[in-house]
Every structure is written in C-alpha cells, then in structure tokens.
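A.B. asks: sequence and predicted structure below; questions after.
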Amino acid sequence: MPKLTKRTVDAAKPAQGERFLWDSELEGFGLRVFPTGRKSDLIQYRNAAGRTRRLTLGPHGRLTPAEARGLARERLMKAPSGGDLSEDCQRSREAPTLAEVAERFLSE
C-alpha cells in the first residue's frame, strides 16, 4: 500500500471493474479508478451504526494528492463523532434552494 502521490496516481491503470488504491499515510483515504480511466479521491469510514460508507471528495486533478489528503483528514475527523458524512451530503442535496424557499414564501 503506497502513499498516494502524483506519480502513483498517474501510474494507476484502469482494470475490469472499479479499482481502489489506499493511502499508506492516512487510513481511509484512497483513490477510485473506474474502468473508463476516470479517477476520483474518496474516503471510507464507518458510521455510528457500524456500516462502511464511502464519500467521494471529487474528481482527481481538481486537488493535488496532498490537498486531497488534507481534505480527507478533515472529513475523517468528523466521522467518529457519530455523524454520517454521506448522509449529511445527501440531505444537503435534497434541501430546498433559496429560490424555492423564496417562491414558497411569496406564494403563501
């Protein structure tokens, strides 16, 4: 399990299915390589119920591996406090937008 660096990430080749490379420096931080060759940074953790969850940090290239590791460290620090990061992201995507709230306010 190597440390995820620009060199190791660039050398990661697609496989038949999804492939995961895990960082040796930060447990739970990794890289997902899709069969198409697309790559994304992610974290893997257990929620309060003990279920393994994965949260994509973003497509590879938007952040350097060092920046992605820092973001992963921040997110992973929140996971042990009982929060479910994936569920929180899902809830925020489903929350009404300001435009929807304003429209509802004006209509009522």
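C.D. replies: Now that the structure is in, tell me what you want to look at.
A.B. asks: show me where pLDDT drops low in the protein?
C.D. replies: Under the criterion pLDDT under 70, the flagged ranges of the chain are 1, 79-95.
A.B. asks: what are the ranges of the strands in the chain?
C.D. replies: Assigned by DSSP state E, the chain shows strands spanning 19-22, 29-33, 39-46, 52-59.
A.B. asks: just give me the neighbour total for F34.
C.D. replies: 13 (other CB atoms under 10 Å). All C-beta atoms are positioned from the backbone trio N, CA, C, and that covers glycine.
A.B. asks: thinking again about what came up before, in JSON lines: the strands of the chain, plus mean neighbour count.
C.D. replies: What follows is the strands of the chain, written out as JSON lines (neighbours: other CB atoms under 10 Å):
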{"stretch": "strand 19-22", "mean neighbour count": "14"}
{"stretch": "strand 29-33", "mean neighbour count": "21"}
{"stretch": "strand 39-46", "mean neighbour count": "20"}
{"stretch": "strand 52-59", "mean neighbour count": "14"}
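A.B. asks: now the ones you listed in CSV, with distance to V101?
C.D. replies: CSV is the format used below for the strands of the chain (distance: least, CB to CB, whole Å):
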stretch, distance to V101
strand 19-22, 39
strand 29-33, 35
strand 39-46, 31
strand 52-59, 26
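A.B. asks: who wins for proximity to K78 among these?
C.D. replies: If you check each of these against K78 by CB to CB, strand 39-46 wins as the nearest, at 9.2 Å.
A.B. asks: which strands and helices lie in contact with the closest one?
C.D. replies: strand 29-33, strand 52-59, helix 65-78 (3 or more CB pairs under 8 Å, 6 or more residues apart in numbering; DSSP states H and E).
A.B. asks: closest to P96 out of those?
C.D. replies: strand 52-59 (22.7 Å).
A.B. asks: cool, thanks, talk later.
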